[in-house]
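*Asks:* Have a look; sequence and predicted model below, questions after that.
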Amino acid sequence: MEFKEVIRKRYSCKAYSDRQVEDDKLNAILEAGRLAPTAKNLQEQHVYVLQSEEALAKIDAATPCRYGAPTVLLVAFDSEDVFTYPGGKRDSGIEDAAIVATQLILAAADEGVDSCWLNNFDPDKLAEAFDLPENEEILMLLDLGYAAEGAAPLPNHFNRKPLEETVTWVR
Ligand SMILES: Cc1cc2nc3c(=O)[nH]c(=O)nc-3n(C[C@H](O)[C@H](O)[C@H](O)COP(=O)(O)O)c2cc1C
């Protein structure tokens, strides 16, 4: 798909059919995450592909927002392997993982796979349920699947501020 079309087609899907995402599509999506830039090229992300009934039940116990998606990606990062910027006040962990996650959602759209970025979850419940190592911090969950019949973007999706409100040119 043309890049501009991918950007335009992506929306947060909030109702999925039972149809599972094919492995070749999932691999293409994961590959886009693998190629994401990270500070100092640390690549501290860890993506979990959750598909078993048991895993999805654990997701449902931690968030109301799976919406029936048959695959959920959990994007975490190694909080002990981040780049601390000069000055020592900030580090790269969250933004590196967010870039990975962004490439995942755009690649999903490119593959014709619907998705929804989730931050409404209990990270402690997830860390315990999936036995994550202490050093892994969860950034987000990504619902993946195919929209249920009749599902469509929420009206909110079409409500974007004009550029004049969010961009300042200085020249
Ligand atoms: C950082 C972030 C967190 C989000 N968390 C949730 C969430 O927990 N549950 C949910 O249903 N949607 C969530 N969304 C989806 C947003 O509500 C959605 O992106 C926004 O309303 C714009 O709609 P669109 O993605 O269809 O363009 C999240 C999106 C982002 C970027």
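*Replies:* Great, that's in hand.
*Asks:* what about the longest strand in this structure?
*Replies:* Secondary structure of the chain per DSSP state E: the longest strand is strand 136-145.
*Asks:* what comes up buried for the helix or strand that that one is followed by?
*Replies:* Next in sequence after strand 136-145, counting helices and strands by DSSP states H and E, comes helix 163-166. By neighbour count on 16 or more other Cβ atoms under 10 Å, the buried set for helix 163-166 is empty. For the C-beta atoms, the positions are set from N, CA and C on the backbone; glycine is no exception.
*Asks:* Now do the strands in this structure.
*Replies:* Counting by DSSP E, the strands of the chain are 45-50, 71-78, 114-118, 136-145.
*Asks:* strand partners of the second one, parallel vs antiparallel please.
*Replies:* The one in question is strand 71-78. Using DSSP bridges, the strands paired with strand 71-78 are strand 45-50 (antiparallel), strand 136-145 (antiparallel).
*Asks:* Check the ones you listed for me and report the most buried one.
*Replies:* strand 136-145 (a mean of 23; mean count of other Cβ atoms under 10 Å).
*Asks:* pull the CA atoms of that strand into PDB?
*Replies:* Extracted as PDB, the C-alpha positions of strand 136-145 are listed here (Å, rounded to 0.1, in the frame of the first residue of the first chain):
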ATOM      1  CA  GLU A 136      10.900  -5.300  31.600                       C
ATOM      2  CA  GLU A 137       8.500  -2.300  31.600                       C
ATOM      3  CA  ILE A 138       5.300  -2.600  29.600                       C
ATOM      4  CA  LEU A 139       4.600   0.200  27.200                       C
ATOM      5  CA  MET A 140       1.400  -0.800  25.500                       C
ATOM      6  CA  LEU A 141      -0.800  -3.600  24.200                       C
ATOM      7  CA  LEU A 142      -1.700  -3.900  20.500                       C
ATOM      8  CA  ASP A 143      -5.000  -5.600  19.500                       C
ATOM      9  CA  LEU A 144      -4.700  -7.200  16.100                       C
ATOM     10  CA  GLY A 145      -7.300  -8.900  14.000                       C
END
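*Asks:* And stretch 73-88, end to end?
*Replies:* Stretch 73-88 has its terminal residues 31 Å apart, counting by Cα to Cα, to the nearest Å.
*Asks:* what does the model give the residue in the chain positioned nearest to the ligand for pLDDT?
*Replies:* At 3.0 Å from the ligand, N120 is the closest residue in the chain, using Cβ to the nearest ligand atom. Looking at N120, its pLDDT stands at 98.
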